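Trainee: I would like to see how this sequence folds:
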Amino acid sequence: MVIGKTKKQAEKTVKYGAISALTDHMLKGNRVSRVESLVIFGVQNFTAVLSNLKKERYIIRKEAVTMAKILRRLNEYATCEVPKNLPAKNIIMHEWWVSK
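Mentor: Model (predicted):
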């Protein structure tokens, strides 16, 4: 509960949450990885977001990419550095997007 507000007033102030921000970002055609889901949007259960989009009959695509690609995109919003001994160019991760 928000201090100084009734439960009904607090519910009215929350119009745009983390999950809806992530969903909107994906519906605009942007690609998202699990790391970006957590770091940028604060969504811990990325699988649930993908499942909900599939239930709404959206086509979800997935592609394997290097960790370096995801980190480049992530660093547009936050600062994220990998340890020098971590081969980010050789680590394969996945990114998802909504197909048009």
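
Trainee: CA only for contacts and neighbour counts going forward, please
Mentor: Noted.

Trainee: Show me the strands in the protein, by range?
Mentor: Counting by DSSP state E, the chain has strands at residues 32-33, 60-66, 92-98.

Trainee: Identify the residue spatially nearest to the most centrally placed residue in the chain, adjacent ones excluded.
Mentor: With the centre of the chain defined as its mean C-alpha position, the nearest residue by C-alpha atoms, centre = their mean is Ser37, 2.4 Å away. Nearest non-adjacent residue to Ser37, counting by C-alpha to C-alpha, 6 or more residues apart in numbering: Val43, 5.4 Å away.

Trainee: who's in contact with the one you found?
Mentor: Residues counted as contacts of Val43 (C-alpha atoms under 8 Å, 6 or more residues apart in numbering) are 18-19, 22, 37.

Trainee: Give me the neighbour count for Arg73.
Mentor: The burial count assigned to Arg73 is 14, neighbours taken as other C-alpha atoms under 10 Å.

Trainee: Distance check, it against Ile59.
Mentor: For Arg73, the distance to Ile59 (C-alpha to C-alpha, to the nearest Å) stands at 23 Å.

Trainee: tell me the pLDDT at the residue nearest to Ser37?
Mentor: Listed pLDDT for Val43 reads 96.
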